[in-house]
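**Student:** coordinates only, no sequence provided:
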């Protein structure tokens, strides 16, 4: 079985707690990922909303250093996506919170030079680029320049965490396919879910741009109305399929970044989730797209 996951916070947590990416008690470890035929993971450096300027840039460097150190220490197990290594596990470096650039375009160039392949533009509050899901406002003038330069570099831009106004600003500014790396459909009846998940119109615009959406396991964005665990994921998949998104949905687990139902806890559960979905009537060809194929195609086409 192959897996491609668009978002986790594991490397940030490993760095913060000085624990090994290879062997730990978190949702995800390299050791447990080896059981799969192939596992590609996007590892996010999470920049907290209060971090700005040099503080944010220095924190990014600290976690990025840890990311590359862990890959070097475990080079028989994991390698950077796109390298010639034949390891089962592939790693992609991303940023969650564009403040990692320190508020400058030179800072964005620094992220590019350090190998960042995807940037989630904001977290939940406003930053130098745009406004997050739990705040008001749209894109800044700097944010517009940021998007243009990031697209020139071939960095994939991620609209998860943008508020509605910033999302629609982004649509006007951006020219290339983009992702919502860990965002569900807006069918969850709770305030956090309604702010963070995607409306039908947003999903349509992502689909029209040949973008991709990662299904988020976070309970706040997945569960409500008596739907929990695997049943809440089924509801999301069915809804996206009703909108014609068979080729536009993938996984965006949000491992080690949120509260998750026991049905999904631990990377080893991916195989069980796949089997349960197959038992519920989803054909393997579709599941292979969701679990691996759609994300793999997107990254191969856009990096």
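**Tutor:** Arrived safely. Every value quoted in this text rests on a predicted model; they were computed, and no experiment measured them.

**Student:** rank the helices and strands of the protein by mean pLDDT and give me the bottom one.
**Tutor:** Ranked by mean pLDDT, DSSP states H and E, the weakest helix or strand in the chain is helix 191-196, scoring a mean of 92.

**Student:** quick check: buried residues in it?
**Tutor:** Across helix 191-196, burial judged by 16 or more other CB atoms under 10 Å covers 193, 195-196. All C-beta spots, glycine's among them, are computed from the backbone N, C-alpha and C.

**Student:** also stretch 217-232?
**Tutor:** 217-224, 227, 229-230, 232.

**Student:** which one of these is nearest to residue 55?
**Tutor:** residue 218 (26.6 Å; CB to CB).

**Student:** follow-up on the earlier one: of the buried residues of stretch 217-232, which belong to helices?
**Tutor:** With helices defined by DSSP state H, the entries of these inside them are 219-222, 229-230, 232.

**Student:** and the residues you listed, which two are furthest apart?
**Tutor:** Pairwise over those, using CB to CB, the maximum falls at 220 and 230, 17.0 Å.

**Student:** ok, now which ones touch residue 154?
**Tutor:** Residue 154 makes contacts with 302-303, as judged by CB atoms under 8 Å, 6 or more residues apart in numbering.

**Student:** please report the distance of it from residue 115.
**Tutor:** Per CB to CB, to the nearest Å, residue 154 is found 12 Å from residue 115.

**Student:** just residue 24 next, same as before
**Tutor:** 23 Å.

**Student:** mind listing the strands for the stretch 151-300 of the chain?
**Tutor:** Using DSSP state E, counting those that start in this stretch, the strands of the stretch 151-300 of the chain run over residues 156-158, 179-180, 212-215, 249-251.

**Student:** most tightly surrounded among those strands?
**Tutor:** Mean neighbour count, computed with mean count of other CB atoms under 10 Å, is highest for strand 179-180 among these, reaching a mean of 29.

**Student:** for that strand, name the packing helices and strands.
**Tutor:** strand 156-158, helix 200-208, strand 212-215 (3 or more CB pairs under 8 Å, 6 or more residues apart in numbering; DSSP states H and E).

**Student:** return the residues in contact with the spatially closest residue to residue 214 that is not a sequence neighbour.
**Tutor:** In this structure, residue 214 finds its nearest non-sequential neighbour in residue 252, 2.1 Å apart by CB to CB, 6 or more residues apart in numbering. By CB under 8 Å, 6+ apart, the contact set of residue 252 is 5-7, 160, 180-183, 213-216.

**Student:** just to revisit the earlier point, of all the helices and strands packed on strand 179-180, which lies closest to residue 124?
**Tutor:** Per CB to CB, nearest to residue 124 of the helices and strands packed on strand 179-180: strand 156-158, 14.0 Å.

**Student:** what are the contacting residues of the closest one?
**Tutor:** Against strand 156-158 from outside (CB under 8 Å, 6+ apart): 94, 117-121, 147, 150-151, 170, 174, 176-181, 299, 302-303.

**Student:** go again with 7 Å.
**Tutor:** 117-121, 147, 150, 174, 178-181, 302-303 (CB atoms under 7 Å, 6 or more residues apart in numbering).

**Student:** can you check stretch 18-33 too?
**Tutor:** 8, 10-11, 13-14, 39, 70, 74, 77-78, 89, 255-256, 265-268.

**Student:** give me the buried entries from these.
**Tutor:** 8, 10-11, 13-14, 39, 70, 74, 77-78, 89, 255-256, 266-267.

**Student:** turn the strands of the stretch 151-300 of the chain into JSON lines, including mean pLDDT and distance to residue 44.
**Tutor:** Listed next are these as JSON lines, based on pLDDT from 0 to 100; distance: least, CB to CB, whole Å:
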{"stretch": "strand 156-158", "mean pLDDT": "98", "distance to residue 44": "9"}
{"stretch": "strand 179-180", "mean pLDDT": "98", "distance to residue 44": "12"}
{"stretch": "strand 212-215", "mean pLDDT": "98", "distance to residue 44": "11"}
{"stretch": "strand 249-251", "mean pLDDT": "98", "distance to residue 44": "14"}
